[in-house]
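[1] could you work out the structure for the sequence below:
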Amino acid sequence: MSRLEKLRYILAQKELDVLVVSQPENRRYLSGFTGSAGWLIISNSIAYLAVDFRYVEQAKKEAPDFDVIHIKGDVVGWLPKFLLDFGIKKAGFEADQIPFATYEKLFKTINDDGYQLHLIPTSGLVESIRAVKEPEELKFITEAVELADAAFDQAKSILRPGMTEKEVAWGLEKFLREKGSQAVPFDIIVASGQNAALPHAKPSEQLLLKNVPVVIDLGARVNGYCSDLTRTFVIGDEDKTFFKIYDIVLGAQLTALATITAGINGDQADRLARTVIEQAKYGDAFGHGLGHGVGLETHESPRLGPNSSDLLVDGMVFTIEPGIYIAAWGGVRIEDTVVMENGKVRSLTRADKKANIC
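    The predicted structure follows:
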């Protein structure tokens, strides 16, 4: 089935006449259109891409399977009448993409003008299709992973005490762009010493020192598809606390890599790694989920974490990234991008997991 056929099957199940798509990655996934603004209107019989003047020609080129229409003004001014012209009665919209104020205006316009149109909030319809990758998608993700691996190899060759976190982060971003990555999918994290205790630390003027943890979290982007890689290490070999924590986190990750199978859910996958950390008495220091899907977005379905019911199936690409974070000391996180194949996890990431750089 094509992507549109899969979506139309879901719309039939949900008893929706049409879905209005505005989420950027969903819009690109279904149509191929890469512009920053636009609306897809998809039913069992129509597929329209509505864009303003800036994108008309681009939309015609990138989305040949869609009828392109030129819109003016905000969505409140054109969408209700457009839907009614096609006899639409029940229109689904992406609830987490349309601001409540816009929804209120749409609702008021529909009521004031007497339109027999019902707006139905939806969530995750297109994302559920995107979660299982097609072969070409996996190819682009793999290429992005290879770029991230190469960047980490570059980091190991240039890191030295006295460099700042910002200096390292910029050097890695420059390397990735020069080697062919599109704009990096997220701000690169370089966090040393106590900063490594912050899972989403921002690079600072902090100097890299010997024998303190250094966390590097980076990704690349190829044809819109992302990768995500984290490694932690010390420059030197004299921090016994680091090696103790590192071994626990590595053990948790290797356990997850070896035991996650198709058919379990995100909560069960998380539990496989979390149990290792809890048994080592550091459960409270592992404050985030085990992983997340990777594709057109760095964070997408499925979610691997406590209370996640997302079912893991073949074709899904996601991260496995346990961590331990200790205030006033630092932290350790180890992250691979993996794919579920033949019921088992295969790591796409190849960067080594050596704990120190001497």
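
[2] use CA for all of it now, contacts and neighbours both
    Fine.

[3] domain parsing for this protein?
    3-130, 135-357 (automatic domain parsing).

[4] kindly check the end-to-end length of the shortest one for me.
    Okay, so that is domain 3-130. Start-to-end span of domain 3-130 (CA to CA, to the nearest Å) is 9 Å.

[5] then the longest one?
    For domain 135-357, the first-to-last residue distance is 36 Å (CA to CA).

[6] any buried residues in stretch 307-324, and which?
    Residues 308, 310-324 are the ones in stretch 307-324 that count as buried (16 or more other CA atoms under 10 Å).

[7] related to what we said a few turns ago, deepest in the core, which of the domains of the chain is it.
    For the domains of the chain, the largest average neighbour count (mean count of other CA atoms under 10 Å) is found in domain 135-357, namely a mean of 20.

[8] just send the domains of the chain back as JSON lines, with mean pLDDT too.
    Shown next, in JSON lines, are these (pLDDT from 0 to 100):
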{"stretch": "domain 3-130", "mean pLDDT": "96"}
{"stretch": "domain 135-357", "mean pLDDT": "97"}
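
[9] mind listing the helices for the protein?
    Assigned by DSSP state H, the helices in the chain fall at 3-14, 24-31, 56-62, 75-85, 100-112, 125-130, 135-158, 165-178, 240-259, 266-279.

[10] got a markdown table for these, with distance to Ile42 too?
    Shown next, in a markdown table, are the helices of the chain (distance: least, CA to CA, whole Å):
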| stretch | distance to Ile42 |
| --- | --- |
| helix 3-14 | 8 |
| helix 24-31 | 10 |
| helix 56-62 | 16 |
| helix 75-85 | 11 |
| helix 100-112 | 18 |
| helix 125-130 | 12 |
| helix 135-158 | 23 |
| helix 165-178 | 36 |
| helix 240-259 | 39 |
| helix 266-279 | 30 |
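
[11] quick one, which of those gets closest to Glu335.
    Across the helices of the chain, Glu335 has its closest neighbour in helix 240-259 (8.0 Å, CA to CA).

[12] double-check Asp52 against Ile71; I have them as touching.
    Yes: counting by CA atoms under 8 Å, Asp52 touches Ile71, with 5.0 Å between them.

[13] for Lys354, what are its contacts?
    Going by CA atoms under 8 Å, 6 or more residues apart in numbering, Lys354 touches Phe233.

[14] contacting residues around Phe318?
    If a contact means CA under 8 Å, 6+ apart, then Phe318 has 291-294, 302, 337-339 as its contacts.

[15] can you tell me which of those lies closest to Gln182?
    Comparing the contacts of Phe318 against Gln182 with CA to CA places Val294 closest, at 15.8 Å.

[16] spatially nearest residue to the closest one (excluding sequence neighbours)?
    Phe318 (5.2 Å; CA to CA, 6 or more residues apart in numbering).

[17] look up how far Ala201 lies from that neighbour.
    From Phe318 over to Ala201 (counting by CA to CA), the distance is 22 Å.

[18] pretty sure Met96 is touching Leu125, no?
    Just to correct that, residue 96 is Asp rather than Met. No: under the criterion of CA under 8 Å, Asp96 is not in contact with Leu125, lying 11.7 Å apart.

[19] correct me if wrong: Phe93 contacts Asp17.
    No: between Phe93 and Asp17 there is no contact under CA under 8 Å: 11.1 Å.

[20] roughly how far does the residue in the chain sticking out farthest from the centre sit from Lys108?
    Here the centre of the chain is the reference, and by CA atoms, centre = their mean the most remote residue is Gly114, at 40.9 Å. Using CA to CA, Gly114 is found at 10 Å from Lys108.

[21] same thing with Gln194?
    Distance of Gln194 to Lys108, given as CA to CA: 52 Å.

[22] now Leu229
    According to CA to CA, Leu229 stands 47 Å off from Lys108.

[23] with Ala327 instead?
    Taken as CA to CA, the span from Ala327 to Lys108 is 51 Å.

[24] now the end-to-end length of stretch 101-121.
    In stretch 101-121, first residue to last residue: 14 Å (CA to CA).

[25] hmm, who's touching it?
    Stretch 101-121 is contacted from outside by 76, 80, 84, 88-95, using CA under 8 Å, 6+ apart.
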